[in-house]
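Asker: Attaching a predicted model along with its sequence, questions to come.
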Amino acid sequence: MEKTAGLLGSDMQLAASFYEKIIARTEGSADQDHIKLNILIDTGLKEKSAEEIAALARQLKESGADFVVPADSGWLVIRALREADVLPVVASRTGALDDALADRVIVMAGGRLRR
Amino acid sequence: MRIGVIGGLGPLATAKFMEMLARRFKEHHEAVELAVISDPKTPDRTSYILDNTKENPVESILAMVDKLAALGCGLLVMPCNTASYFYREIEARTDIKFINIVEETVKYLAQHGVKKVGLLATEGTVKSGIYRDLLKAAGIELAVPDAARQKTVSSIIYEGIKKGAPVELDAFFEVVRSLENCGCERVILGCTELSALKELYRLGDPILLDAMDVLADSTVAFAAGA
């Protein structure tokens, strides 16, 4: 079942690197095999209030995202996203944007993992 | 101002474009906002341009435009040359300023007094004439690879980058040199997957003009001036 992943972060480079990781770990022979992804970057994210973060989560949801991955966001942002309860939050235990997280995102969005 | 990126065309080009923006905004003092709607399910652009009985990608592209408009973006950019074939539909859909990668690249060449240029792009981009028409209006001569070399370029794009498979750089540079040998002062990387190739393999050949680099520069310039 095809879903759209959401990414919310403050660092464009980190988000881009994680996106590349997702692409590299997705099985596909064409563009159309890759997952749908909506990204919101605000370099001032860490200074935002819980309400502002909730509003960003709602924007991501309205844009079609089915879940949100906090990219490089730090614990306060992750907590604000969880408490806002607007979208399921998908994060690793350490908050790192690692291979296991990329694989979870791919599978949740309906993509296949490269062997 | 939130910058809106119409993405997924292809996904790796989108990620590399984000990196280009990241590098340019690194020293920025004000907050930068970016929205990316990446829908790689968008039907292949070249397939449709070469055969209009195939699925039309325009609806998917316009849906991305709508989402970026709803996100309040003040600027729209699309790191895909072939999809620029649909620039009129995109501009008709929204009042938001749309920066056209093909237009920006031709402007750059004209500003730098280039008289003859080569083009590495998809068959769709080449056949649709989007570069050819703008270059002609600017008085710049265009050279494209012969049929066999165009097959090589298409293969690098579709069997290489879009598949995540390794690319034969020798074959790539053979095409570049062939264009240089017929008098091209610059060779346009007119497919954002070739821009991704350049980023991946850190290709620094000065003859190459990366349309996606030009787009990134225009994006920052417009965002700064806004």
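Answerer: On my side now, so go ahead.

Asker: what secondary structure does the residue in chain B sticking out farthest from the centre sit in?
Answerer: Residue farthest from the centre of chain B, counting by CA atoms, centre = their mean, is B:His29 at 28.1 Å. Following DSSP: H, G, I helix; E, B strand; the rest coil, B:His29 is assigned to coil.

Asker: List the contacts of it.
Answerer: With contacts defined as CB atoms under 8 Å, 6 or more residues apart in numbering or on different chains, B:His29 has no neighbours. Quick note: C-beta positions are derived from backbone N, CA and C, even for glycine.

Asker: what does B:Thr105 give?
Answerer: B:131, B:188, B:190, B:209, B:211, B:214-215.

Asker: Wait, a helix at it?
Answerer: Yes: secondary structure of B:Thr105 (three-state DSSP): part of a helix.

Asker: so how far is chain A from it?
Answerer: Distance, B:Thr105 to chain A, using CB to the nearest CB, to the nearest Å: 22 Å.

Asker: Also B:Asp213?
Answerer: According to CB to the nearest CB, B:Asp213 and chain A sit 15 Å apart.

Asker: Kindly report the same for B:Val214.
Answerer: Distance from B:Val214 to chain A, by CB to the nearest CB: 19 Å.

Asker: go on, B:Leu169?
Answerer: B:Leu169 is 19 Å from chain A, by CB to the nearest CB.

Asker: So which of the contacts of B:Thr105 are in helices?
Answerer: B:131, B:211, B:214-215 (DSSP state H).

Asker: Which of those ranks first by neighbour count?
Answerer: B:Ala211 (29 neighbours; other CB atoms under 10 Å in any protein chain shown).

Asker: who touches that one in this structure?
Answerer: Residues near B:Ala211 by CB under 8 Å, 6+ apart: B:81, B:101-102, B:104-105, B:188-190, B:192, B:195.

Asker: Most neighbours among these, please name it.
Answerer: Of all those, B:Asn81 has the most neighbours under the rule other CB under 10 Å, reaching 33 neighbours.

Asker: What residues does chain B have near chain A?
Answerer: Taking CB under 8 Å from any CB of the partner chain as the test, the list of chain B residues beside chain A reads B:7-12, B:14-16, B:18-19, B:21-23, B:25, B:28, B:31-44, B:67, B:70-71, B:158, B:162-164.

Asker: Of those residues, which count as buried by neighbour count?
Answerer: With burial judged by 16 or more other CB atoms under 10 Å in any protein chain shown, the buried subset of the residues of chain B next to chain A is B:7-12, B:14-16, B:18-19, B:21-22, B:25, B:32-40, B:42-44, B:67, B:71, B:158, B:162, B:164.

Asker: what ranges do the helices span in chain B?
Answerer: Under DSSP H, chain B gives helices at B:11-25, B:45-50, B:58-70, B:87-93, B:101-111, B:123-128, B:130-137, B:147-155, B:169-181, B:192-200, B:211-225.

Asker: Kindly reformat those helices as CSV and extend each row with mean pLDDT and distance to A:Ala54.
Answerer: Shown next, in CSV, are the helices of chain B (pLDDT from 0 to 100; distance: least, CB to CB, whole Å):
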stretch, mean pLDDT, distance to A:Ala54
helix B:11-25, 97, 24
helix B:45-50, 95, 37
helix B:58-70, 98, 18
helix B:87-93, 97, 30
helix B:101-111, 98, 35
helix B:123-128, 96, 42
helix B:130-137, 97, 42
helix B:147-155, 97, 46
helix B:169-181, 97, 47
helix B:192-200, 95, 34
helix B:211-225, 95, 26
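
Asker: Please consider this matter closed, and thank you.
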